[in-house]
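# No sequence on hand, only this structure:
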């Protein structure tokens with residue numbers, strides 16, 4: 001009888017070890033999902049995330065943009081980076097992450113005081129052809145509209161420029177973000 005109980009206990013413990021582990025959402029992503037930041041303003045810039053709603057139906061295209069306004073002291077301000085100075089990121093904190101891609105050229109972009117520049121969302125990123133989800137990503141990037149699978153997502157607009165031509169220690173590290181839900 002005792003041997004049977006030990007055997008049963010060992011069987012139960014080994015069965016528990018084979019269960020698939022539940023993934024947890026990245027803590028930083030979860031923090032930002034729970035604390036949206038739709039606007040950022042400092043002495044140089046105002047950055048806004050423009051989105052009309054945060055709940056979408058399955059297969060509904062999601063439209064949003066970001067806007068950047070130079071509000072500093074001068075008549076204009078030149079920033080340095082690629083030709084894209086505002087990039088977009090979308091993640092669920094688990095297995096969906098569109099971080100955006102950027103080219104490495106150094107271009108000057110002149111921003112005029114109090115003139116708001118609108119940056120519509122565009123997909124940007126990549127995947128490896130041997131990625132187990134390559135078919136999903138191929139379909140995702142082939143469609144112009146943003147359509148996401150069911151779930152909660154952090155959408156973020158990120159400044160990807162530097163404040164001077166040397167680029168060293170002058171990167172402007174600001175972003176705006178919110179959580180969206182696809183039902």
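Looks like it came in fine. Just so it is clear, the structure is predicted and the values come from calculations on it, not from any experiment.
# ok, residue 104 to residue 86 distance?
According to C-beta to C-beta, to the nearest Å, residue 104 and residue 86 sit 17 Å apart. Backbone N, C-alpha and C define where each C-beta goes, glycine included.
# Of those two, give the one with the bigger neighbour count.
Counted by other C-beta atoms under 10 Å, residue 104 and residue 86 do not tie: residue 86 has more neighbours, with 23 against 6.
# ok, now which ones touch the residue nearest to the more buried one when sequence neighbours are not counted?
Distance criterion C-beta to C-beta, 6 or more residues apart in numbering; nearest residue to residue 86, sequence neighbours excluded, is residue 119 at 4.2 Å. Contacts for residue 119 (C-beta atoms under 8 Å, 6 or more residues apart in numbering) come out as 65, 66, 67, 68, 85, 86, 157.
# How about residue 48?
38, 39, 40, 66, 67, 176.
# would you turn the contacts of residue 119 into JSON lines with distance to residue 53 and secondary structure?
Formatted as JSON lines, the contacts of residue 119 follow (distance: C-beta to C-beta, whole Å; DSSP: H, G, I helix; E, B strand; the rest coil):
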{"residue": "65", "distance to residue 53": "14", "secondary structure": "strand"}
{"residue": "66", "distance to residue 53": "16", "secondary structure": "strand"}
{"residue": "67", "distance to residue 53": "18", "secondary structure": "strand"}
{"residue": "68", "distance to residue 53": "22", "secondary structure": "strand"}
{"residue": "85", "distance to residue 53": "26", "secondary structure": "strand"}
{"residue": "86", "distance to residue 53": "21", "secondary structure": "strand"}
{"residue": "157", "distance to residue 53": "17", "secondary structure": "strand"}
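# In the residues you listed, find the pair that's most separated.
65 and 85 (13.7 Å; C-beta to C-beta).
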